[in-house]
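Q: could you look at this predicted model? Sequence included:
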Amino acid sequence: MKSAILRKTKSGQKTVGKVDEQVYRVGIAVVGTCSLAIGVWATIALVSGMVASGGPGALVADWFRAVIGS
């Protein structure tokens, strides 16, 4: 009677590189999303300041008055 011999082989592949790549992609996406949110907020603040002061020229004049303190 013959007996079968089972052999286990180990693979030399590592997934560390792929995990790092995914972490970097998520990090870039998070930073990009935060940058986009800050840009949208700044644009809304600038436009609302122009509306409240009466236009771009008035906004600049009001800004100089606020900085100088008059």
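A: Nice, thanks for sending it over.

Q: can you show me the helices along this protein?
A: 16-53, 56-68 (DSSP state H).

Q: make JSON lines out of those helices and add mean pLDDT and mean neighbour count.
A: The C-beta positions use only the backbone N, C-alpha and C, and glycine is treated the same way. What follows is the helices of the chain, written out as JSON lines (pLDDT from 0 to 100; neighbours: other CB atoms under 10 Å):
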{"stretch": "helix 16-53", "mean pLDDT": "92", "mean neighbour count": "10"}
{"stretch": "helix 56-68", "mean pLDDT": "91", "mean neighbour count": "11"}
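
Q: switch those helices over to JSON lines, and while doing so, append distance to Thr9 to every line.
A: Below are these laid out as JSON lines (distance: least, CB to CB, whole Å):
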{"stretch": "helix 16-53", "distance to Thr9": "21"}
{"stretch": "helix 56-68", "distance to Thr9": "72"}
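
Q: out of those, the one nearest Lys2 is which?
A: Closest approach to Lys2 among those is made by helix 16-53 (41.9 Å; CB to CB).

Q: can you say which of the helices of the chain is nearest to Leu6?
A: Nearest of the helices of the chain to Leu6, taken as CB to CB: helix 16-53 at 29.1 Å.

Q: remind me what the closest one packs against, helices and strands.
A: Packing partners of helix 16-53 (3 or more CB pairs under 8 Å, 6 or more residues apart in numbering; DSSP states H and E): helix 56-68.

Q: contacts for the helix it packs on next, please.
A: Defining contact as CB atoms under 8 Å, 6 or more residues apart in numbering, one finds that helix 56-68 is touched by 49-50, 53.

Q: now do 10 Å
A: With CB atoms under 10 Å, 6 or more residues apart in numbering as the test, helix 56-68 has contacts from 46-47, 49-55, 70.

Q: same deal with stretch 28-38?
A: So stretch 28-38 is in contact with no residue, going by CB under 10 Å, 6+ apart.

Q: pLDDT value on Thr15, please?
A: At Thr15, the model reports a pLDDT of 57.

Q: spatially central residue in this protein, please.
A: Centroid-nearest residue in the chain: Val31, 2.0 Å away (criterion: CA atoms, centre = their mean).
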